[in-house]
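> when you get a sec, could you give me coordinates for this:
(2 chains)
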Amino acid sequence: MVGIASFGGYIPRLRLSRKAIVEANGWFNAGLRAYAKAERAICSWDEDSVTMAVEAARDALADGPREDFRALYLATTSAPFEDRQNAGIVAQALRLGADLNTMDVGASQRAGTTGLVAALDAVAARGGPVLYVAAEKRRAAAASQAELLYGDGAAALVLDRADGVARFLGSRSASVDFVDHYKGKGREFDYNWEERWIRDEGYLKIVSPVIAGALAEAGLKPADIAHFCLPCTLPRVAQAIAKQAGLAETSVRPNLDGLCGDTGAAHPLVMLVHALQEAKPGERILVASFGNGCDALIFEATDALPAMQRARRGIAGALKRRKEETNYAKYLAFNDLLKMERGLRSEVDKQTPLTTLYRKKDMLLSLIGGKCERCGTVQFPKSNICVNPNCRAMHSQVDQPFSEFNGTVMSFTADLLTYCPDPPAHYGMVQFAEGGRMMVDFTEVDAGQVEVGMPMRMVFRIKEVDPARGFTRYFWKAAPAGAAKEV
Amino acid sequence: MAKGIRDKVAILGMGCSKFGERWDREADDLIVEAYEEAIADAGIDTSRIEAAWFSTAIEEQHVGKSGVPLATALRLPYIPVTRVENYCASGSEAFRGATYAVASGACDIALALGVEKLKDTGYGGLPQSGRGALNSMYWANLSAPGSFAQLAAAYRAKHGVSREDLKKAMAHISVKSHDNGSRNPKAHLQNKITEETVLKAPLVAEPLGLYDCCGVSDGSACAIVTTPEIARSLGKQDLITVKALQLAVSNGQEAQHNSWDGSYFATARAAAKRAYQEAGIDKPREQISLVEAHDCFSITELVTLEDLYISPEGGAVKDVLDGFYDADGKVPCQIDGGLKCFGHPIGASGLRMIYEIYLQMQGRAGARQRRQEPVRGLVHNLGGMPHQNVCSIAIIGKHGS
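Residues are numbered from 1 along each chain as shown, chains lettered A, B, ... in the order given. As a prediction, the model looks like this:
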């Protein structure tokens, strides 16, 4: 038996008002005005699919063990690296054990579910646990419909050979080279075909046979499905498919349009996690996806689910953790969709020496410092000689992860001089209850809202992007703990 | 145990270029400008100089590495020239090198010269540069004002000072330095300002506004040092000698160990204690006639005056507002305008501070001369950031005082 042992979710805190987008672009494309209500989730300048994957995974992993994972799969079509395993960055940030199989899954909006089917098969065949993460931050051209409908987000599942909180009952897939949109090599944006054709020849012909197959595989009748998750931004299509497949109309789950937006390859999992946060024990959840074919998977909530619902932020908690952004130009700037004067200070060379990065990967990506075995002093970075003036033992430090420590602000500033894509740059000294401190960048803080003594938690973020070489450099930052842990 | 160098080394001559935006001058022009004044003041020929120490901190912006740029600019006759860099305390390091060389007997006459040509970056403020491969990958996105601004947050938290009261004391510091700078023809900034101007200025790094930050300048300063005996043999009277030279350098404790609260400079306290001991000073508030503190930011000056044990801990706000450190106060601080207005060409700054004390001791400071005759002056030259820095303290005074 295979099931979901844990789940987690992450939606970036910033929500761009769709009204702001339409106010900027409605003059050009009057059709956009139909979408002028509600909002979509956007990454801050220091977030991408990898950082969101890490946050969703941290939610799913919670305080549980991290060493015995067999595999980590990352599904995304918006990976920051084309050739450097993105799942490997996530694994390093999460401190998953060395004996780990990692894989990136991509190239289709169906990647989230296709990878999940493969991961469930792998668990059935070889055992778990397997960490499965899907994350998406799709680029959209200014004044496109996609810009309004897309959203950024991530979801994570821990899969294992046990019922867990939701037992896997079966799945069915179909591969169809139906090209509703594509992104060619080296292209920045999607190229889309007509929606009416996508609806009639795509969704309405491809999805329901696959659902029927999955139900047959699980030995269920359509009426047995309580929650039907199908990402689709075309109006009333999910309802029409439910009708075709015989599913109850009430089983159609909200697609979170206007809340976070369509998170692409991650969206089936985002909707699944959202469903898991509301499902009752015994209820069946059908999650389907559309993209060059269709996947459909069925899970059944177990009696262990309610306790997990209380313990996870998930998508529901992440949706509540929200800050409205009404400045469309800021969104364009964060996503490098606008040629901006960034000033001479931004021109400092940002080359990353790969030798240094590799040598210090535990420190930089895993936020591992040192703990002196002689005196117990916790310190960052780990060093040869203990920092405690009353100890100074040599070569006495063992690895000490800092990522889950509880920090408080000791000193801080909001800096308008230094180059920062989102000024003012907030940073300061954060001191940890467990010991140690670091002078570190802050993120997710609002000007005027930082105070000495404010509780902080560490989050994995983009430190800098090297525009000359296309390299994204990651490190950890401090974020207000209250905002992130709110459920 | 070593007794230190008190009264073992005399200042034979000093020079200082005009500080400011010297658009029409190259670094070697500034070097020569400072040197001409010093060599004339010393009354010797270049051939008498046996060794030199050359300080620049951001050499990649102008002269590049090594002692060659100084030797070439002054055509020094194949003598030892050592380039030193220790953050913004580099100028004091050059002075320490030359002074120690004389004190040790290794040479009779030595030169310390600092220069910085900062106005070739294309923007205001210090050049934004790399911090070293690994540091750049994990250090916070620090600027100088942002690093020092944090003193204010921690100081306020520790001493229960409101933002308004602290901003007012910081404003007083800047207004005072501009007053002093207005009487200094070599100062970068010679305009007087009001408290209102300071408080209404745009923020640079919370809570520091534009007028809480010192100028970034081009400039050079230098000192020629020798033994008191040689100075006398060269006809010098009323010698100005070095009473103490101390340096304290952070070892990561402030940055990594939870024993430091962020409201003071651990290095300054260590260096001050040693300097007072070396100079035989036990009541600095009474025995120091004037202070040149490293006022890169107003908050740095405020906190430092406590770290130098002149104001009691938590008492600097009151002393500053009482005018204790004004030009006509008990212990004038930055009587020449300080980094704030004289300017801050990094490699030259420590030497510029010594230059001012030297002039004041000789009654040669013109319109800004301290009315009551000074006996001992303290130079505090700091580099880096509050959580990891280099702090130099020099005490200069009348020979035998």
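
> nearest spatial neighbour of B:Pro69, skipping sequence neighbours?
B:Val63 (3.8 Å; CB to CB, 6 or more residues apart in numbering or on different chains). Where C-beta positions appear, they are placed from N, C-alpha and C, glycine not excepted.

> A:Ala216 too?
Leaving aside its chain neighbours, A:Ala216 sits nearest to A:Arg172 (7.7 Å; criterion: CB to CB, 6+ apart).

> which residues does that neighbour bridge with?
Counting by DSSP bridges, A:Arg172 is bridged to A:Ala296.

> domain ranges for chain B?
Using automatic domain parsing, the domain ranges for chain B come out as B:10-120+B:218-233, B:142-213+B:239-398.

> with mean pLDDT and mean neighbour count added, can I get those domains in CSV?
Shown next, in CSV, are these (pLDDT from 0 to 100; neighbours: other CB atoms under 10 Å in any protein chain shown):
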stretch, mean pLDDT, mean neighbour count
domain B:10-120+B:218-233, 98, 22
domain B:142-213+B:239-398, 97, 22
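
> adding distance to A:Met340, write those out as CSV.
CSV is the format used below for the domains of chain B (distance: least, CB to CB, whole Å):
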stretch, distance to A:Met340
domain B:10-120+B:218-233, 25
domain B:142-213+B:239-398, 20
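
> what's the closest of the ones you listed to B:Gly4?
Closest to B:Gly4 of the domains of chain B, according to CB to CB: domain B:142-213+B:239-398, at 3.7 Å.

> spell out whether the closest one and chain A are in contact.
Yes. If you take CB under 8 Å from any CB of the partner chain as the test, domain B:142-213+B:239-398 does meet chain A, through B:142-143, B:145-147, B:149-151, B:153-154, B:156-157, B:202-206, B:208, B:251-253, B:255-259, B:261-262, B:385, B:387.

> among those, which are located in helices?
Among the residues of domain B:142-213+B:239-398 next to chain A, the ones falling in helices (DSSP state H) are B:145-147, B:149-151, B:153-154, B:156-157, B:253, B:255-256.

> pipe these into CSV and attach distance to A:Val378 per row.
CSV is the format used below for these (distance: CB to CB, whole Å):
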residue, distance to A:Val378
B:Pro145, 30
B:Gly146, 26
B:Ser147, 24
B:Ala149, 27
B:Gln150, 22
B:Leu151, 25
B:Ala153, 23
B:Ala154, 21
B:Arg156, 27
B:Ala157, 23
B:Gln253, 14
B:Ala255, 14
B:Gln256, 9
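
> now whichever strand or helix holds A:Ala122: mean pLDDT?
Assigned by DSSP states H and E, A:Ala122 belongs to helix A:111-126. On average, the pLDDT along helix A:111-126 is 98.

> point me to the residue sitting farthest from the middle of chain A.
Within chain A, the residue lying farthest from the chain centre (CA atoms, centre = their mean) is A:Asn390, at 43.8 Å.

> and that one, what are its phi and psi?
Per-residue torsions, A:Asn390: phi -100, psi 10 (degrees, to the nearest 10).

> that one contacts A:Cys375, doesn't it?
Yes. Taking CB atoms under 8 Å as the definition, A:Asn390 is a contact partner of A:Cys375 at 7.2 Å.

> list the contacts of residue 299.
The chain I'm using is chain A. A:Gly3, A:Ile4, A:Ala166, A:Arg167, A:Phe168, A:Leu169, A:Leu272, A:Leu276, A:Arg284, A:Ile285, A:Val287 (CB atoms under 8 Å, 6 or more residues apart in numbering or on different chains).

> I was thinking of chain B, sorry if that wasn't clear
B:Phe148, B:Ala149, B:Leu151, B:Ala152, B:Tyr155, B:Leu166, B:Met170, B:Leu208, B:Asp212.

> tell me how far it lies from B:Gly329.
19 Å (CB to CB, to the nearest Å).

> same check on B:Ser233?
Plainly put, B:Ser233 is 39 Å away from B:Gly329 if you go by CB to CB.

> just to revisit the earlier point, buried residues in the helix holding A:Ala122?
Of all the residues in helix A:111-126, those buried under the rule 16 or more other CB atoms under 10 Å in any protein chain shown are A:Ala111, A:Gly112, A:Thr113, A:Thr114, A:Gly115, A:Leu116, A:Val117, A:Ala118, A:Ala119, A:Leu120, A:Ala122, A:Val123.

> ditto for stretch A:446-459
A:Val450, A:Val452, A:Met454, A:Pro455, A:Met456, A:Arg457, A:Met458, A:Val459.

> residue contacts, the first one?
Read that as A:Val450. Per CB under 8 Å, 6+ apart, neighbours of A:Val450: A:Val409, A:Phe412, A:Ala414, A:His426, A:Gly428, A:Phe442.

> now render these as JSON lines, adding neighbour count, pLDDT and secondary structure.
Formatted as JSON lines, the contacts of A:Val450 follow (neighbours: other CB atoms under 10 Å in any protein chain shown; pLDDT from 0 to 100; DSSP: H, G, I helix; E, B strand; the rest coil):
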{"residue": "A:Val409", "neighbour count": "25", "pLDDT": "97", "secondary structure": "strand"}
{"residue": "A:Phe412", "neighbour count": "29", "pLDDT": "97", "secondary structure": "strand"}
{"residue": "A:Ala414", "neighbour count": "24", "pLDDT": "97", "secondary structure": "strand"}
{"residue": "A:His426", "neighbour count": "27", "pLDDT": "98", "secondary structure": "strand"}
{"residue": "A:Gly428", "neighbour count": "31", "pLDDT": "98", "secondary structure": "strand"}
{"residue": "A:Phe442", "neighbour count": "24", "pLDDT": "98", "secondary structure": "strand"}
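
> those residues also near chain B: which ones?
Applying CB under 8 Å from any CB to the contacts of A:Val450, those adjacent to chain B are A:Phe412, A:Ala414, A:Gly428.

> nearest to A:Val90 among these?
Using CB to CB, the ones next to chain B among the contacts of A:Val450 come closest to A:Val90 at A:Gly428, 27.4 Å.

> any idea whether residue 34 is helix, strand or coil?
All of this is about chain A. Going by DSSP: H, G, I helix; E, B strand; the rest coil, the secondary structure assigned to A:Ala34 is helix.

> switch to chain B, that's the one I care about
Under three-state DSSP, B:Ala34 comes out as helix.

> how near is it to B:Glu93?
To B:Glu93, B:Ala34 is 17 Å away according to CB to CB.

> equivalent analysis for B:Asp165, please.
For B:Asp165 relative to B:Glu93 (CB to CB), the value is 36 Å.

> ok, B:Pro312 next?
Distance of B:Pro312 to B:Glu93, given as CB to CB: 30 Å.

> what of B:Gly377?
19 Å.

> for the nearest residue to B:Arg368 once chain neighbours are set aside, give me its contacts.
Nearest residue to B:Arg368, sequence neighbours excluded (CB to CB, 6+ apart): B:Arg183, at 4.1 Å. Listed by CB under 8 Å, 6+ apart, the contact partners of B:Arg183 are B:Gly366, B:Ala367, B:Arg368.

> alright, calling it a day.
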